[in-house]
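3D, please:
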Amino acid sequence: MKVRNSLKSLRGRHRANRLVRRKGRVYVINKVQRRFKARQG
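Here you go, the predicted model:
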């Protein structure tokens, strides 16, 4: 899991990436390629 300031660039790396807000944090999750996980905040 990467912790980044901007998740917009990471979201574009794979077409299955989703931007999700949970508990005040922003996550990039991917159910197809699980290695594309990232968190902001």
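
please enumerate the helices of this structure.
Using DSSP state H, the helices of the chain run over residues 8-11.

residue closest to the middle of it?
V28 (1.4 Å; Cα atoms, centre = their mean).

what separation do you get for the residue in the chain sticking out farthest from the centre and A16?
Most distant residue from the mean C-alpha position of the chain: K23, 14.5 Å away (Cα atoms, centre = their mean). Applying Cβ to Cβ, to the nearest Å, the value for K23 to A16 is 23 Å. For every residue, glycine as well, the C-beta is placed using N, CA and C.

for burial, what's the neighbour tally of G24?
Applying other Cβ atoms under 10 Å, we find 6 residues neighbouring G24.

right, I mislabeled it, should have said L7
19.

what distance separates the start and the end of stretch 11-26?
End-to-end distance for stretch 11-26: 12 Å, by Cα to Cα, to the nearest Å.

again but with stretch 22-33, I slipped
Start-to-end span of stretch 22-33 (Cα to Cα) is 20 Å.

how far out from the middle of the chain is it?
Distance, stretch centre to chain centre, for stretch 22-33: 5 Å (Cα atoms, centre = their mean, to the nearest Å).

my guess is V3 contacts V28. True?
No: look at V3 against V28 with Cβ atoms under 8 Å: they stay out of range, at 11.0 Å.

quickly list what's touching both of those two.
Shared contacts of V3 and V28 (Cβ atoms under 8 Å, 6 or more residues apart in numbering): 38-39.

which residues does the residue nearest to the centre of the chain bridge with?
Beta-bridge partners recorded for V28 (DSSP bridges): L19, A38.

what sits against it?
7, 10-11, 17-20, 36-39.

now a PyMOL select for only the buried ones of those.
Those of the contacts of V28 that count as buried under 16 or more other Cβ atoms under 10 Å are selected in PyMOL with:
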select buried, resi 7+10+11+17+36+38
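
this completes my enquiry, with thanks.
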